[in-house]
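Trainee: Predicted model, plus sequence, below.
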Amino acid sequence: MTERILRRPEVISMVGLRTTKLYELIAEGRFPKPIKLSVRSVGWLESEVQAWIKEQAEKREADSNA
């Protein structure tokens, strides 16, 4: 199965963050780094974005159980 590459507007829509916050999290190592597709474009692996979303949900559950 081929891994799907998501462009920034789709990633932003999926995670509900603005571009500035997304790149801030990337710089902090708290969000997956993009893959360089060409000189002026990047994309993210869908599986990595989905894993990040799942991780956030798991943190929420852990926080509510504490």
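Mentor: All right, it came through fine. Note that this is a predicted model, so its numbers are computed, not measured.
Trainee: Skipping adjacent residues, who's closest to Ser41 in space?
Mentor: Nearest residue to Ser41 in three dimensions, chain neighbours excluded: Arg7, at 7.5 Å (Cβ to Cβ, 6 or more residues apart in numbering). C-beta coordinates here come from the backbone N, C-alpha and C atoms, glycine included.
Trainee: do the same with Leu17
Mentor: Per Cβ to Cβ, 6+ apart, closest to Leu17 is Leu25, 7.4 Å.
Trainee: What's the local residue count around the residue nearest to Ser41?
Mentor: 13 (other Cβ atoms under 10 Å).
Trainee: Distance-wise, check it relative to Glu48.
Mentor: 14 Å (Cβ to Cβ, to the nearest Å).
Trainee: before we move on, back to that, the residue nearest to Leu17 looks like it's in a helix, true?
Mentor: Yes: Leu25: assigned to a helix according to DSSP: H, G, I helix; E, B strand; the rest coil.
Trainee: Can you report how many residues lie near it?
Mentor: Around Leu25 there are 15 residues (other Cβ under 10 Å).
Trainee: my read: it touches Val15, true?
Mentor: No: counting by Cβ atoms under 8 Å, Leu25 stays clear of Val15, with 9.1 Å between them.
Trainee: correct me, but Ser47 touches Glu3?
Mentor: Yes: Ser47 sits in contact with Glu3 when judged by Cβ under 8 Å, with a separation of 6.3 Å.
Trainee: Below-threshold pLDDT in the protein: ranges please.
Mentor: 1, 66 (pLDDT under 70).
Trainee: If we go by neighbour counts, what in the helix or strand hosting Ser13 is buried?
Mentor: Element membership for Ser13, per DSSP states H and E: helix 8-15. Going by neighbour count (16 or more other Cβ atoms under 10 Å), the buried part of helix 8-15 is Val11, Val15.
Trainee: Good, we can wrap up now.
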